[in-house]
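Trainee: coords please:
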Amino acid sequence: MSEFTIDIEKQLTRLGKDLQDFVERIVPLEDRGHDFTPVCDIIESDETYVIKLDLPGLSKKEINIALKEHVLTVKGERTEELGESEKFRRQERSAGVFSRSFALPENVNAAETDAVFRNGVLTITMPKSDVLKDSKSIPIK
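Mentor: Model (predicted):
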């Protein structure tokens, strides 16, 4: 590979990271505000990309995964219910609406994306492929 080709690849990688940061800042959130931001890991192998989000205290019914124009968005809400006579003396665990968006690389086959929610961790596995198929909604197993 020539130095020019390597430099182009570095520039495209940097551009992809900048686009990811931009998308995460501008995706609109629910009206109730943005109180809870789940942490995530993004892992790449030769065959797949994997996104893992920590979502303790949620059920899979409270999580929505959508894909639009090569942007994967995970939304949900973590609530804390108190009884009539209860009040917080200390509240360190975050609650509220969250939304995380991820710009997907061009080589992701969205139609074969798999989502599993187990022990408070949402794992989204996206296979790499030369044959691309689009998907609008991703069910959680």
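Trainee: This structure: helices as residue ranges?
Mentor: Along the chain, the stretches classed as helices by DSSP state H are 3-26.
Trainee: Run through the strands of this protein in chain order.
Mentor: Ranges of strands within the chain are 40-44, 48-54, 63-68, 71-78, 96-103, 114-118, 121-127, based on DSSP state E.
Trainee: L12: which of these is closest?
Mentor: strand 96-103 (12.5 Å; C-beta to C-beta). In this view, the C-beta of every residue, glycine as well, is placed from N, C-alpha and C.
Trainee: Just give me how far that closest one sits from the chain centre.
Mentor: 6 Å (C-alpha atoms, centre = their mean, to the nearest Å).
Trainee: follow-up on the earlier one: dump the strands of the chain into CSV; add mean pLDDT, mean neighbour count and distance to I8 as well.
Mentor: Output for the strands of the chain, formatted as CSV (pLDDT from 0 to 100; neighbours: other C-beta atoms under 10 Å; distance: least, C-beta to C-beta, whole Å):
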stretch, mean pLDDT, mean neighbour count, distance to I8
strand 40-44, 94, 12, 19
strand 48-54, 95, 18, 21
strand 63-68, 90, 17, 28
strand 71-78, 90, 19, 24
strand 96-103, 89, 19, 19
strand 114-118, 95, 15, 32
strand 121-127, 95, 19, 24
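Trainee: mind putting those in JSON lines, distance to Q20 included?
Mentor: Converted to JSON lines, these look like this (distance: least, C-beta to C-beta, whole Å):
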{"stretch": "strand 40-44", "distance to Q20": "9"}
{"stretch": "strand 48-54", "distance to Q20": "12"}
{"stretch": "strand 63-68", "distance to Q20": "15"}
{"stretch": "strand 71-78", "distance to Q20": "9"}
{"stretch": "strand 96-103", "distance to Q20": "5"}
{"stretch": "strand 114-118", "distance to Q20": "19"}
{"stretch": "strand 121-127", "distance to Q20": "14"}
